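Chemist: what would the 3D arrangement of this be:
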Amino acid sequence: MMTDCPDCMIRWSASLEADGPEFTRCPAHKDIIVMYDPPGGWKYGFPKQYKPLPGEKFEDTLRRDGYPEEDIELAAKYSRFWGGVRE
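Modeler: Below you'll find the model as predicted:
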């Protein structure tokens, strides 16, 4: 995530809570493309652009993007994220 932007980091952290709000980037970063890559993701077509649906949890995004169910708990802890390319 955007480690150099305190506003984005606060928003990201809050969205990870079970009852947290949907993640939205701050106005300065709203057009940033975020990529993600779970462990062993190359076998399933990763890295992919991280595009969660409104209200979707990270685990559900992994499922929708084709990551195997038996590895989702691991991926939720150890996935890599990066970004910085404007759409």
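Chemist: what does the pLDDT read for the spatially most central residue of the chain?
Modeler: If you average the C-alpha coordinates of the chain and look for the closest C-alpha using C-alpha atoms, centre = their mean, you land on Y50, 5.0 Å from that point. The per-residue pLDDT reported for Y50 equals 91.
Chemist: isn't it up against F81?
Modeler: Yes: counting by C-beta atoms under 8 Å, a contact exists between Y50 and F81, whose distance comes to 6.6 Å. Bear in mind the C-beta positions are built from the backbone N, C-alpha and C, glycine included.
Chemist: name the residues contacting each of the two.
Modeler: Applying C-beta atoms under 8 Å, 6 or more residues apart in numbering, one finds that Y50 and F81 are jointly contacted by 34-36.
Chemist: ok, these vs D60, which is closest?
Modeler: Proximity of the shared contacts of Y50 and F81 to D60 was ranked by C-beta to C-beta; the top entry is Y36 with 13.5 Å.
Chemist: surely the closest one is within a strand?
Modeler: Yes: the assignment for Y36 by DSSP: H, G, I helix; E, B strand; the rest coil puts it in a strand.
Chemist: beta partners for it?
Modeler: Applying DSSP bridges to Y36 gives these bridge partners: K48, F81.
Chemist: and I32, how far from R63?
Modeler: I32 sits 24 Å away from R63, going by C-beta to C-beta, to the nearest Å.
Chemist: when those two are compared, which one has more neighbours?
Modeler: Under the criterion of other C-beta atoms under 10 Å, the comparison of I32 against R63 puts I32 first, with 17 against 14.
Chemist: once you drop chain neighbours, what's closest to that one?
Modeler: Computed as C-beta to C-beta, 6 or more residues apart in numbering, the closest residue to I32 that is not its neighbour in sequence is G83, at 4.9 Å.
Chemist: now swap in T61 and tell me
Modeler: Beyond its immediate neighbours in the sequence, the residue positioned closest to T61 (C-beta to C-beta, 6+ apart) is P52, lying 4.6 Å away.
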